[in-house]
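A.B. asks: dropping a prediction and its sequence here:
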Amino acid sequence: MAAAAEPIWWYEHDFFVGIRQGLQVRLLYTERSPYQKIEVYEHALLGRILVLDDILQTTQADEFVYHEMLAQVPLLGQREAPVSVLIIGGGDGGVLREVLRHAWVQRVVMVEIDERVVRVAAEYLGINGNYDDPRVELRFEDGSAYVRSAAARAQPFDAVIIDATDPILGPGEALFSRQFFADVRACLAPAGVMVRHLGNPAYQREIFRTGVRWVHEVFGSVQVYRAAIPTYLGGDMAFVLSTNDGHSCQEPRLALRGRYYNHAVHRAAFVLPTWWQEVMEEAQA
Ligand code: SAM
């Protein structure tokens, strides 16, 4: 679809709390895949923007914050180098780029339900890792079905990184349930680590509380860390992490200097506001 000539005002659908995000953008591309509406916009400051079913996913300007923090904290927080990594979702390719930085990663399976997101994001945003890297197996299927069968395949993963659309509509709903977390745990190696984002607790407190509760119920322990991503309204985004054997990921094993991530940021990310701690205590009661 041809690009719009003049900038338009685009509004993300609200966060169900009467708050909207408006951006003055130019529409570059739109299509409807079998799973969702895919749009790419351009913003003077944020660069190119991927939008799925009217929800902003990522922007060229600050995608590195989210992708470095989602991937590097679990990978570098592990006591041993994770060798096999499963990415669920991640269609813009940013998490894959972060995982492939490390030579000690020998196998990456990326399970993304929508091939069109991968192709459109690669063409218009160009933030993806190398899909042709011999370590990468790219599968276009539902991540919830994959993890359910992965346990039976007995190919445990050292790390599972869930990079899904918001769990409030569309295909991403299947990646946010107690059963899904249980299936993820079943395909982890004995000291494996799982991570996903839980959105922004200030606006999406129930998602935060529910995610913490389910992870605690399934894994027996839960670790939360945070990062502020300018594109996402509402302050810090929460990430929930847990390990199969309950060990902590708060001490980075190696030093890495990313565009956002570094040793000190890794540690500091686990320092949480009191109200987050209180929500977490309620969720684990
Ligand atoms: N990195 C961005 C962010 O900040 O959240 C966006 C993540 S990425 C674009 C979300 C991906 O999850 C999309 O490509 C979407 O197609 C994929 N996805 C949603 N439901 C899925 C499912 N059930 N199985 C596999 N992938 C799924």
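C.D. replies: Now that the structure is in, tell me what you want to look at.
A.B. asks: every contact and neighbour count from this point should use C-alpha atoms.
C.D. replies: Will do.
A.B. asks: got the contact list for Gln106?
C.D. replies: Residues near Gln106 by Cα atoms under 8 Å, 6 or more residues apart in numbering: Val83, Ser84, Arg135.
A.B. asks: just these: which are in strands?
C.D. replies: Using DSSP state E, the subset of these located in strands is Ser84.
A.B. asks: near the ligand, which residues of the stretch 101-250 of the chain are found?
C.D. replies: Proximity of the stretch 101-250 of the chain to the ligand is confined to 111-114, 117, 142-144, 163-165, 171-172, 174-175 under the rule Cα under 6 Å from any ligand atom.
A.B. asks: out of those residues, which one sits closest to Gly47?
C.D. replies: Checking those against Gly47 with Cα to Cα, the nearest one is Val117 at 17.6 Å.
A.B. asks: quick one: pLDDT of the closest residue to that closest one other than its chain neighbours?
C.D. replies: Nearest residue to Val117, sequence neighbours excluded (Cα to Cα, 6 or more residues apart in numbering): Gly91, at 5.6 Å. What the model reports as pLDDT for Gly91 is 97.
A.B. asks: would you turn the contacts of Gln106 into JSON lines with neighbour count and pLDDT?
C.D. replies: Output for the contacts of Gln106, formatted as JSON lines (neighbours: other Cα atoms under 10 Å; pLDDT from 0 to 100):
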{"residue": "Val83", "neighbour count": "16", "pLDDT": "94"}
{"residue": "Ser84", "neighbour count": "21", "pLDDT": "97"}
{"residue": "Arg135", "neighbour count": "15", "pLDDT": "98"}
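A.B. asks: distance of the closest residue to Phe15 other than its chain neighbours from Val265?
C.D. replies: Of all residues not flanking Phe15 in the chain, Tyr203 sits nearest, at 6.8 Å (Cα to Cα, 6+ apart). Distance, Tyr203 to Val265, by Cα to Cα, to the nearest Å: 24 Å.
A.B. asks: report how many residues lie close to the residue nearest to Val117.
C.D. replies: Counted with other Cα atoms under 10 Å, residues neighbouring Gly91 total 27.
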